[in-house]
Each structure stands twice: as structure tokens, then as C-alpha cells.
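1. below is the sequence, then the predicted model.
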Amino acid sequence: MKPRAIVTGAAGFLGSHLVDRLLTDGWMVLGIDNLSSGRLENLALARERQGFQFRRADLRRKLRLPPATAIFHLASPASPPRYEADPIGTLEVNAFGTAQVLAHAVSCGARVLVSSTSEVYGDPQVHPQPESYWGHVNPIGVRSCYDEGKRFLEALCAAWQRQRGADVRIARIFNTYGPRMAPDDGRVVSNFFVQGWRGAPITVQGTGRQSRSFCYVDDLIEGLVRLYAAPPDTGPVNLGNPRGEATVLQLATRIRRLTGDRSPIVFVPRAADDPERRRPDLRKARRILDWEPKVPLATGLSRTSEYFHRLADRRGR
């Protein structure tokens with residue numbers, strides 16, 4: 001009999017790619033999403049395959065869940081406009097939703113992989129960021145609902161692991177990009193591609209010298225699968241691409257070229273609490289998971305450009 005996985009946030013960018021991978025690997029998958037930020041079209045391929053079920057449900061409310069071998073907990077808004085628009089809901093899903101997932105996992109003996117984020121490091125004073133770094137976070141800023149929500153998620157997982165024997169793996173995910181990003185999710189890659197293919201100005205916040213490390217989605221999903229299989233008591237593990245570090249202005253220039261050099265680059269005020277630099281220290285992932293990203297930034301951006309070009313054509317028609 002095939003093992004069953006529950007994927008929360010299944011209709012999101014990362015969740016839908018993970019669903020596809022698990023189905024390919026022979027799992028039966030129950031996808032759960034309240035569709036507040038996820039999109040059913042992301043699950044179009046999965047819904048045509050045997051072994052997949054979808055349930056529209058909100059993890060902030062008590063749910064009856066079936067027994068499972070694995071739970072991949074990815075439910076949470078992940079882009080600044082989405083979590084800033086619903087800060088209470090973001091905190092609640094990372095608190096109440098995570099507690100519900102952990103309780104169910106312990107009751108049925110499932111292993112849990114939870115998606116945390118590089119945002120737990122805040123605006124880091126250590127570069128690159130190792131898992132041992134405790135971070136530099138504004139606990140009451142506009143981004144705090146996400147930053148502190150994920151920090152609480154990690155603390156809750158650690159407490160359940162110590163006190164109730166939960167079998168948990170924690171992924172600290174750095175900036176990830178690729179097909180199925182929502183065109184309106186407000187992150188720099190999607191923003192720049194949408195603006196570029198429309199011929200609209202590409203809006204760079206501040207001076208554009210702030211940097212991010214960009215990991216292609218296929219690499220990230222491979223990292224999640226390997227982390228799920230990692231030994232117990234692994235602790236949080238960074239998943240991202242240190243070789244994909246680029247300034248926001250460099251990224252805008254690359255995307256401008258890919259979209260036909262039609263869009264001017266303009267500078268706008270920088271968002272509050274926007275981190276200056278972000279790059280993962282991958283020593284732990286290399287040692288424990290034998291994993292590191294393979295897709296170069298140029299290749300990943302080219303593939304992502306094709307996706308946004310198709311979206312622009314479809315919307316134009």
C-alpha cells in the first residue's frame with residue numbers, strides 16, 4: 001500500500017511543486033489549502049493523477065484529518081503584501097495551525113516537515129547566516145507577523161519534540177523562484193517579470209544594493225524531500241542558493257534584458273524592515289543532506305521568464 005502524505009498549503013507556489021514530486025515518488029497525497037493565497041490552477045496536473053485528493057479547509061479551525069505517514073506543513077502566506085494584509089491570520093496559522101498539525105502527527109505517528117524561513121534571521125548582522133545565528137528581528141514591525149510567526153513555529157516544534165516526542169524536521173527556506181509564482185504576490189522576481197513583460201517601469205526599492213540569494217524551485221523541492229528523510233534531531237536546516245546571491249538592482253537588470261529591454265528601471269522608497277543582505281550558510285545541508293542547488297541563476301531566470309511570458313500572453317488575449 002502506498003504511503004500517505006498530507007500537504008498543507010498545497011495550492012501555493014512551493015506546495016504545488018511538492019505535491020507533484022510526492023506523487024511522482026509514489027505517495028498518496030491529501031492537499032489542504034484555504035485558497036487565501038494559493039491557487040487551484042497550480043494543482044491542475046496533480047488533480048489529473050491518481051492518488052491525489054484536495055480539501056479546501058482552514059487550519060486555524062479544528063479539522064478531522066486522516067492518518068498519514070508524513071505531513072508537510074507549508075500553510076502560511078509567504079509574500080509581504082499577503083501577510084501584511086492579514087497579520088492576525090498569518091500569526092494564527094503559524095501558531096494554531098502548526099499546533100494542530102503536530103498534535104495529529106503525534107496521534108498517528110507521522111513525521112512532520114515544517115516550512116520556516118530565512119526571515120527568522122531578520123535583518124542579519126552575520127553574513128552568510130548559519131543555523132546557529134539567532135537573528136536580528138523587529139518583533140513589532142510590519143513584517144513581524146511572518147518573522148515572529150515562523151520563529152514561534154520553530155519554538156513550538158522544538159517543544160513538541162522534547163515534551164511529546166514529535167518527529168519534526170524544520171526547513172529554513174531562503175528566496176525561491178520559478179514557475180507558478182503568483183503574478184501579484186509582491187516578491188521581486190514576480191514583480192519584475194510582470195512589469196517587464198508589460199513594458200511597465202521596473203520598480204526597485206531604495207538603491208537596489210540590498211541582496212538576496214535566489215534558489216530555483218526544483219532545487220528547493222529536492223532539498224525538502226532530502227530533509228524529510230534526514231535523521232531525527234537534525235534541527236533547523238537552511239535551504240537556499242548561496243551562489244544565487246544578487247543585488248536587487250542586478251536582478252532587475254537581468255530581468256529587463258530577458259523581457260526585451262523595454263522597461264525603464266525606476267527607484268521607489270524602500271519597505272520598512274527590509275533586510276540588507278541574505279545568503280544561506282549551507283554547510284549543514286551539505287553535510288547532512290548531501291544537497292546543494294544545481295540550477296544556475298541565469299538558467300532558472302530564463303525558465304521563469306518563459307512562464308511569465310505565457311501568463312502575459314494569456315492575459316493579453
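-> That came in fine, so what should we check first? Every value quoted in this text rests on a predicted model; they were computed, and no experiment measured them.

2. distance from stretch 86-103 to the middle of the chain?
-> 16 Å (CA atoms, centre = their mean, to the nearest Å).

3. how far does it stretch from start to finish?
-> This stretch, stretch 86-103, spans 25 Å end to end (CA to CA, to the nearest Å).

4. next, the buried residues of that stretch.
-> 87, 89-95, 97-98, 100-102 (16 or more other CB atoms under 10 Å). Using the backbone N, CA and C atoms, a C-beta is placed for each residue, glycine as well.

5. surely Ala5 meets Gly26?
-> No - Ala5 lies out of contact with Gly26 (CB atoms under 8 Å); the separation is 10.3 Å.

6. who's more crowded, these two?
-> Using other CB atoms under 10 Å, the more surrounded residue of Ala5 and Gly26 is Ala5, with 26 against 9.

7. isn't there a strand covering that one?
-> Yes - according to DSSP: H, G, I helix; E, B strand; the rest coil, Ala5 belongs to a strand.

8. which residues touch it?
-> 22, 27-30, 68-72 (CB atoms under 8 Å, 6 or more residues apart in numbering).

9. if I look at it, how far off is Leu227?
-> 14 Å (CB to CB, to the nearest Å).

10. check Asp86 too.
-> 28 Å.

11. on that earlier part again, would TSV of the buried residues of stretch 86-103 with distance to Ala200, pLDDT and secondary structure be doable?
-> Formatted as TSV, those follow (distance: CB to CB, whole Å; pLDDT from 0 to 100; DSSP: H, G, I helix; E, B strand; the rest coil):
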residue	distance to Ala200	pLDDT	secondary structure
Pro87	29	96	helix
Gly89	30	96	helix
Thr90	29	97	helix
Leu91	33	97	helix
Glu92	35	97	helix
Val93	33	97	helix
Asn94	34	98	helix
Ala95	38	98	helix
Gly97	36	98	helix
Thr98	38	98	helix
Gln100	42	98	helix
Val101	40	98	helix
Leu102	44	98	helix
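
12. nearest to Ser305, of those residues?
-> Thr90 (29.8 Å; CB to CB).

13. my guess is the closest one contacts Pro80. True?
-> No - the criterion here is CB under 8 Å, and Thr90 misses it with Pro80 at 10.7 Å.

14. identify the contacts common to the two.
-> Tyr146.

15. in the helix or strand Lys150 falls within, what's buried?
-> For Lys150, the host element (DSSP states H and E) is helix 144-164. Across helix 144-164, burial judged by 16+ other CB under 10 Å covers 144-151, 153-154, 156-157, 160-161.
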